[in-house]
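Engineer: predicted model and sequence below, questions to follow.
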Amino acid sequence: MRLEAWGVALLLTVVCGALVAPQALRAQAFGRVEETKSNVAYFYHARPGEATVQLSVWGTVPRPGVYEVPDTTDLDKLLTMAGGAPMEARVEDRKAPTITVRVYRPGTDGRNQIFESELDRMLRGSPSYPSLQDNDIVVVETVRPKQPFGWRDVLSVLSTLGTLTLLGLRIFTRV
């Protein structure tokens, strides 16, 4: 008798779950998350009911993707949410790369660049940031300086020449 009661309870749970699950899933949708149908990372950083803007962060940030943030968010806060400066900028034993931040905004004739600054100038507070708007694209570009020809490069060239010399000796000499 007890086994039948458990079976009936289990059957009711499964049937009720199947009927309630689609409504529960629809109730969880919020913001514009449901509009994003790709494998791009989507980050939502706003309180419920807060006015937001949706923008893209591209380039050499640790967490590129689509960000939905409060419409009062500054560019530096957005870059912090995206993981900050690339790891190459944090290395101090060699010359630091040049990191440039650009903001593009949709216009009548395509996307227009509305802001450009090197990260160093932004950290010093030199440029004033534009207010972020819906569909802006923030691009972070890292340009590494050309490294001088060092001992590792010399060692690589010498080892390649040595390998080619030994290969030539084996091919052209019959012992």
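Structural biologist: Received the coordinates, thanks.

Engineer: could you use CA atoms for every contact and neighbour count after this?
Structural biologist: OK.

Engineer: check contacts around the residue nearest to the spatial centre of the chain.
Structural biologist: Geometric centre of the chain, nearest residue: Pro64, 1.4 Å, by CA atoms, centre = their mean. Neighbour list for Pro64: 41, 56-58, 82 [criterion: CA atoms under 8 Å, 6 or more residues apart in numbering].

Engineer: now render those as JSON lines, adding distance to Asn135, neighbour count and secondary structure.
Structural biologist: Below are those laid out as JSON lines (distance: CA to CA, whole Å; neighbours: other CA atoms under 10 Å; DSSP: H, G, I helix; E, B strand; the rest coil):
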{"residue": "Ala41", "distance to Asn135": "16", "neighbour count": "12", "secondary structure": "coil"}
{"residue": "Ser56", "distance to Asn135": "7", "neighbour count": "19", "secondary structure": "strand"}
{"residue": "Val57", "distance to Asn135": "10", "neighbour count": "20", "secondary structure": "strand"}
{"residue": "Trp58", "distance to Asn135": "13", "neighbour count": "19", "secondary structure": "strand"}
{"residue": "Ala82", "distance to Asn135": "16", "neighbour count": "20", "secondary structure": "coil"}
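
Engineer: kindly reformat these as TSV containing distance to Gly162 and pLDDT.
Structural biologist: Below are the contacts of Pro64 laid out as TSV (distance: CA to CA, whole Å; pLDDT from 0 to 100):
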residue	distance to Gly162	pLDDT
Ala41	48	87
Ser56	50	94
Val57	47	94
Trp58	43	93
Ala82	47	92
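
Engineer: Tyr67 reaches Val57, doesn't it?
Structural biologist: Yes: between Tyr67 and Val57 a contact is recorded at 7.3 Å, counting by CA atoms under 8 Å.

Engineer: picking up where we left off before, which one of the contacts of Pro64 is nearest Arg111?
Structural biologist: Ser56 (13.0 Å; CA to CA).

Engineer: what's the first helix or strand after the worst-scoring helix or strand of the chain on mean pLDDT?
Structural biologist: Here the helix or strand of the chain ranked lowest by mean pLDDT, DSSP states H and E is helix 2-27, holding a mean of 57. Downstream of helix 2-27, the next assigned helix or strand under DSSP states H and E is strand 42-44.

Engineer: against which helices or strands is that following strand packed?
Structural biologist: strand 65-70 (3 or more CA pairs under 8 Å, 6 or more residues apart in numbering; DSSP states H and E).

Engineer: tell me how far the helix or strand just after the strand it packs on lies from the chain's centre.
Structural biologist: Next along the chain after strand 65-70, taking DSSP H and E as the criterion, comes helix 75-81. Taking CA atoms, centre = their mean, to the nearest Å, one finds the center of helix 75-81 at 12 Å from the center of the full chain.
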